[in-house]
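Novice: The amino acid sequence is not available; the structure is as follows:
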């Protein structure tokens, strides 16, 4: 199991941001060639991002490259370069069909991508929500679905509402598709980088829905995201108790298992085992330690909102400022 609690977009045109990323405690980094890069900087950003991805300088971080969309003039060159750089994944925006997934897979193979380079498909439109099941099941190389919630809201003509009510149907369809296909799924970004309390509330909602993690646009969002999506000490203790009680009952031949007065069935055991596997994976990668040790780093990055905000095809003020700089 690979923890993907916090997945931070990094602007591919910004060398300083890519360097800073080495010290951040995010589980994964997406080097962005799409929204965070202006048209006149696409080629230089591609070279910079692919060199960074191939460098091996990012330690335990899982590295993905977000290429430009299938309908853009930069897509083929991006995909070819990314395939040769060998990142953990290629993130493709606005995927709308299984046919597109298969085309991406073929292009990666033709350009020499190794088996380690997976496909992360971004779902950002009503069409993608309605075809989420076929997209998720289109390829074994596709391992993660990534929500593009701002674009989805734009396409729906949705207003900002408490609990993201206008987006719940789309989020649920994508989540159902991911689970049916055995894939991980990441929630979309939270735009207000100054509102950490609001971010944490939305991340908590994401976890409650069942998402594996959340995409981020600023380093200050990493620590609360890692904390929210990691099993709590109480959850780990309960999971251990459930597994232990179930194993003891099996050895004794008991048909009924109870823990603290609550009946335990195989589905509860499966969830307990998932919790323990996730906690073990986090500890193994050192992510939990890194999250605590590097919390102070987020204070050093408070001035980088404009460098990292241009991330998820959003029309927020932060993204416009970042695009203007580039």
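Specialist: Received the coordinates, thanks. As the structure is a computational prediction, the values presented were derived from the model and not from experiment.

Novice: Can you give me the buried ones in the strand or helix carrying residue 106?
Specialist: Assigned by DSSP states H and E, residue 106 belongs to helix 98-110. Using 16 or more other C-beta atoms under 10 Å as the test for burial, helix 98-110 gives 98, 100, 101, 104, 105, 107, 108. C-betas here are computed from N, CA, C, even on glycine.

Novice: And those, which is closest to residue 54?
Specialist: residue 108 (15.3 Å; C-beta to C-beta).

Novice: what's the pLDDT at that closest one?
Specialist: Per-residue confidence (pLDDT) for residue 108: 98.

Novice: ok, it - contacts?
Specialist: Residues near residue 108 by C-beta atoms under 8 Å, 6 or more residues apart in numbering: 79, 83, 90, 117, 119, 141.

Novice: Mind putting the residues you listed into CSV with pLDDT?
Specialist: Formatted as CSV, these follow (pLDDT from 0 to 100):
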residue, pLDDT
79, 98
83, 98
90, 98
117, 98
119, 98
141, 98
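
Novice: Mind putting these into TSV with secondary structure, neighbour count and distance to residue 51?
Specialist: Supplementary listing: these in TSV, determined by DSSP: H, G, I helix; E, B strand; the rest coil; neighbours: other C-beta atoms under 10 Å; distance: C-beta to C-beta, whole Å:
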residue	secondary structure	neighbour count	distance to residue 51
79	helix	23	17
83	helix	22	14
90	strand	25	16
117	coil	23	16
119	strand	22	22
141	coil	18	24
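
Novice: For the residues you listed, work out which two are farthest apart.
Specialist: Between all members of these, the farthest pair (by C-beta to C-beta) comes out as 79 and 141, at 12.9 Å.

Novice: Give me the contact list for stretch 239-250.
Specialist: 231, 255-260, 264, 266, 268-269, 271-273, 275-276, 279.

Novice: If we go by neighbour counts, what in it is buried?
Specialist: The neighbour-count check on stretch 239-250 (16+ other C-beta under 10 Å) flags 239, 242, 243, 245, 246, 249 as buried.

Novice: right, and the secondary structure at the second one would be what?
Specialist: To tie it back to what came earlier, the one meant is residue 242. The assignment at residue 242 comes out as helix when based on DSSP: H, G, I helix; E, B strand; the rest coil.

Novice: what's the neighbour count on the residue nearest to it when sequence neighbours are not counted?
Specialist: Leaving aside its chain neighbours, residue 242 sits nearest to residue 272 (4.1 Å; criterion: C-beta to C-beta, 6 or more residues apart in numbering). By other C-beta atoms under 10 Å, the residues close to residue 272 number 23.

Novice: what do you get for residue 150?
Specialist: Per other C-beta under 10 Å, the neighbour tally for residue 150 reads 21.

Novice: Need the buried ones from the contacts of stretch 239-250 selected in PyMOL.
Specialist: Selection of buried members from these for PyMOL, criterion 16+ other C-beta under 10 Å:
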select buried, resi 231+257+259+264+268+269+272+275+276+279
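
Novice: which ones among the contacts of stretch 239-250 are found in strands?
Specialist: 257, 258, 259, 264 (DSSP state E).

Novice: if I read this right, the first one contacts residue 251, doesn't it?
Specialist: No: with contact defined as C-beta atoms under 8 Å, residue 257 does not count as touching residue 251 (11.5 Å).

Novice: Next, the contact list for residue 68, please.
Specialist: 33, 34, 42, 74, 75, 78, 93.

Novice: Please name the nearest non-neighbouring residue to it.
Specialist: Here the residue nearest residue 68, using C-beta to C-beta, 6+ apart, is residue 74, at 4.1 Å.

Novice: low pLDDT regions in this structure?
Specialist: 286-326 (pLDDT under 70).

Novice: wait, is residue 214 part of a helix?
Specialist: No: according to three-state DSSP, the state of residue 214 is strand, so it is not within a helix.

Novice: Correct me if wrong: it contacts residue 203.
Specialist: Yes: applying C-beta under 8 Å, one finds residue 214 in contact with residue 203, separated by 5.4 Å.
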